[in-house]
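Q: just coords:
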Ligand code: HEM
């Protein structure tokens, strides 16, 4: 049988055989021959294999920035992941970040679509999620001129200083009222009240948290703002896995829609009240005017906005106000909490900071913003805190408009970009002893004396960089520096009995915002003349 089969096979002619051999050799040469670089598509960045459907999502864990930092060590400073159906590229070094945020910034000037932008931010009508273009630019300009320019910041300085003073008074009262010599306060909460109130007074002319003696009419406002800040920080799996979107497995979209309605109703109420009194026309900060008043005046006057034919609407105004609360409150207060925690953990540095503050401010009054330029050690403390504890460790995502090549790899259009600003600021190739809290590195003669946090030095970009750099950078930096300096100057900070500075828990929580896992609980001991607290 076997023999019979073999005998049935046709015997190839020598001509056919040689043609076959030549074809195989030609194919091999053609496909293995090194083509000029312009002919070959560069490879995609390397990265770990993912799961079916979910991709690499299950490999991230809660502290995503830490996991991505570990992956960078294995795959290099540009790695590729899949979050559900989305292509994601992750940047883990200053040099590659510069490529994306300086050289290719125009290609990455939009944010990827997501449920927060759609359901909470008025379908991308805000600044954070708006597509790059004239309307986005016009909104950033309104904020820049009226809140964040050097002049506007100075006009609004009283709000920040007054809220910092109220915080100090409230902390001093809490520590003396309890009668317990070791009574502790939750520092992060006190700071959040201060930063949120300062911003809300500038934005909508009222406090979110009522001050002592003020009527608690703002309860609804406070609840909504707090919930908006919480829901805005949740990573929604449905954004990455279209098959799960309609299921809304975490219930995030349902919460967003409900919250959006409440926020919108509340803003409509505030706007209706304003209209009864006439929309404010003067710039924010002047005679009690605020950003909302200014925006409503622009709506009422039908002022050209992003072009001759374009007008700003009430919806634009509401989306913008929402943005300020979500982007500008917790981001600021968490840094302040980390800065005090680091100083408590390093008593010698706390002393050095207090000595500088005493020399510049004295002990008879609280810190004012005009003192800040003379606090060189304190600025170094703040930079070092931003380095180790950036509020948004993965910045905010961007999306590639077109295919591009970065660091020898192909990044396809539609890829989401995550810049691990937390990991970049711990790169041992750039930062000696990166895990050490060492403000002196930013002082004259230090390894990073000229490095700033304002987006020009890619090894330290807590506010991002490029076109979409944080719109509230100037406000955030001033608020953080003023509030931290005020706390450090006004009090000695003692740990609860039994705790030592070296044991202070510095773990990070499982959130998108870099919060402390364990809130900082301290006993404040006033250290200034009593008149400074009145
Ligand atoms: C310490 C405080 C803050 C930090 C660390 C911070 C960080 C950031 C980061 C990393 C981005 C993304 C930048 C990028 O894509 O490259 C961002 C965007 C933004 N931030 Fe901040 N931020 C802070 C405070 C504030 C404040 C106080 C406000 C407003 C009152 C604000 C408003 C915004 C807005 C509107 C955007 C979106 C900008 C755009 O897409 O054009 N931020 N912020």
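A: Looks like it came in fine. These numbers come from a predicted model, not from an experiment.
Q: Near the ligand, which residues of the stretch 201-350 of the chain are found?
A: For the stretch 201-350 of the chain, the residues found near the ligand under the criterion C-beta under 6 Å from any ligand atom are 323-324, 327-328, 331-332, 335. Every C-beta, even on glycine, is put in place using the N, C-alpha and C of the backbone.
Q: Max pairwise distance over those residues: which two?
A: Of all pairs drawn from those, the greatest distance, 18.9 Å, lies between 323 and 335 (C-beta to C-beta).
Q: circling back: among the residues of the stretch 201-350 of the chain next to the ligand, which ones are in helices?
A: Here DSSP state H is the test, and these give 323-324, 327-328, 331-332, 335 as lying in helices.
Q: Run a quick check on residue 425 versus residue 460, I expect a contact.
A: Yes - between residue 425 and residue 460 there is a contact under C-beta atoms under 8 Å: 5.7 Å.
Q: which parts of the stretch 1-150 of the chain sit against the ligand?
A: Residues of the stretch 1-150 of the chain found near the ligand (C-beta under 6 Å from any ligand atom) are 127-128, 140.
Q: So which of those residues is surrounded by the most neighbours?
A: Counting neighbours by other C-beta atoms under 10 Å, residue 127 comes out on top of those with 24 neighbours.
Q: mind listing the helices for the stretch 51-200 of the chain?
A: 64-75, 94-98, 115, 134-143, 150-155, 157-177, 187-204 (DSSP state H, counting those that start in this stretch).
Q: actually the stretch 251-400 of the chain, not the one I typed
A: In the stretch 251-400 of the chain, the helices defined using DSSP H, counting those that start in this stretch lie at 252-277, 291-300, 314-328, 330-345, 347-361, 376-388.
Q: Can you say which of these is nearest to residue 70?
A: helix 376-388 (17.1 Å).
Q: ok, residues contacting the closest one?
A: With contact meaning C-beta atoms under 8 Å, 6 or more residues apart in numbering, helix 376-388 is reached by 335, 338-339, 342-343, 349, 352-353, 356-357, 372, 425-426, 431, 435, 437-443, 446, 451-453, 460, 462, 477, 480-481, 484-485, 488.
Q: Filter those down to the buried ones, ChimeraX style.
A: Applied in ChimeraX, the following selects the buried portion of those according to 16 or more other C-beta atoms under 10 Å:
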select :335,338,339,342,343,349,352,353,356,357,372,425,426,431,437,438,439,440,441,442,451,453,460,462,477,480,481,484,485,488
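Q: Among the contacts of helix 376-388, name the ones in strands.
A: With DSSP state E as the criterion, strands contain none of the contacts of helix 376-388.
Q: thinking residue 56 is in contact with residue 82, fair?
A: Yes - with contact defined as C-beta under 8 Å, residue 56 counts as touching residue 82 (5.6 Å).
Q: Those two - which one has more neighbours?
A: Under the neighbour definition other C-beta under 10 Å, residue 56 and residue 82 were set side by side, and residue 56 has more, 22 against 19.
Q: give me the low-pLDDT residue ranges for this protein?
A: Judged by pLDDT under 70, the chain has its weakly predicted residues at 1-39, 178-179, 181, 211-219, 278-288.
Q: coming back round to it: same list, the helices of the stretch 51-200 of the chain, but as a markdown table with distance to residue 263 please.
A: Supplementary listing: the helices of the stretch 51-200 of the chain in a markdown table, determined by distance: least, C-beta to C-beta, whole Å:
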| stretch | distance to residue 263 |
| --- | --- |
| helix 64-75 | 27 |
| helix 94-98 | 34 |
| helix 115 | 15 |
| helix 134-143 | 18 |
| helix 150-155 | 25 |
| helix 157-177 | 22 |
| helix 187-204 | 12 |
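Q: Most tightly packed of those helices?
A: Most buried of the helices of the stretch 51-200 of the chain, by mean neighbour count (mean count of other C-beta atoms under 10 Å): helix 187-204, with a mean of 24.
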